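Colleague: Sequence isn't available, so here's the structure alone:
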């Protein structure tokens, strides 16, 4: 069953909306009153198709183990809450979105995607998501470096032709999103994508 969608926000990618929708669904299912960074980190894992997910796959992070470790940081479950007819962004969401916007601007992107949400979660090294991912070798500086490598690796003739050898995360990303729907597939594999990535489906 698809999660109830979040209200659309400008400059926020489709997959980022999906991540927050999954986080809200999880909180409601577990009877939690608020959506925490841990819910959002689990949303990133469960969405599973973004640049953030590709980076974790590329670093051979055991996602099932990470998910269990994150779940251990959630509050005790309560009675499931009935999902609202229309979702709204909570103050906790807004805080993460604000931090993700900062990360996107620092990377020079107009739109912000799941990779910026991941950086926002990793920036606070004391947070549960940052500590869990650090235990598996994923820290803020490493993730940011990998994101920049993905942005700056440019195809020449086709999606398999590069000026330099692509990172493992980029190879997986291309294989995963070679056909991402509508007119986006060509755009998402163009040189411009990795300088100013696709705002719709591939992030």
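Modeller: Cool, got the structure. Nothing here was measured: the structure is a model prediction, and the numbers come from that model. Numbers count the residues shown, from 1 in each chain.
Colleague: Verify the stated contact: residue 103 with residue 119.
Modeller: Yes - Residue 103 is within contact range of residue 119, at 4.2 Å (criterion: CB atoms under 8 Å). The C-beta positions use only the backbone N, C-alpha and C, and glycine is treated the same way.
Colleague: tally of neighbours for residue 95?
Modeller: Residue 95 has 12 neighbours, counted by other CB atoms under 10 Å.
Colleague: quick one, helices of the protein?
Modeller: Assigned by DSSP state H, the helices in the chain fall at 14-29, 37-47, 51-58, 63-71, 91-106, 114-123, 128-135, 140-152, 168-176, 184-188.
Colleague: pLDDT weak spots in this structure?
Modeller: For the chain, applying pLDDT under 70 flags the ranges 1-3, 154-203.
Colleague: hmm, 80 instead?
Modeller: The chain contains residues with pLDDT under 80 at 1-4, 83-86, 153-203.
Colleague: Tell me which residue is most central in it.
Modeller: In the chain, the centroid-proximal residue (CA atoms, centre = their mean) is residue 114; its distance is 2.5 Å.
Colleague: if I look at the nearest residue to it once chain neighbours are set aside, how far off is residue 24?
Modeller: The spatially closest residue to residue 114, leaving aside those adjacent along the chain, is residue 50, at 3.5 Å (CB to CB, 6 or more residues apart in numbering). To residue 24, residue 50 is 17 Å away according to CB to CB, to the nearest Å.
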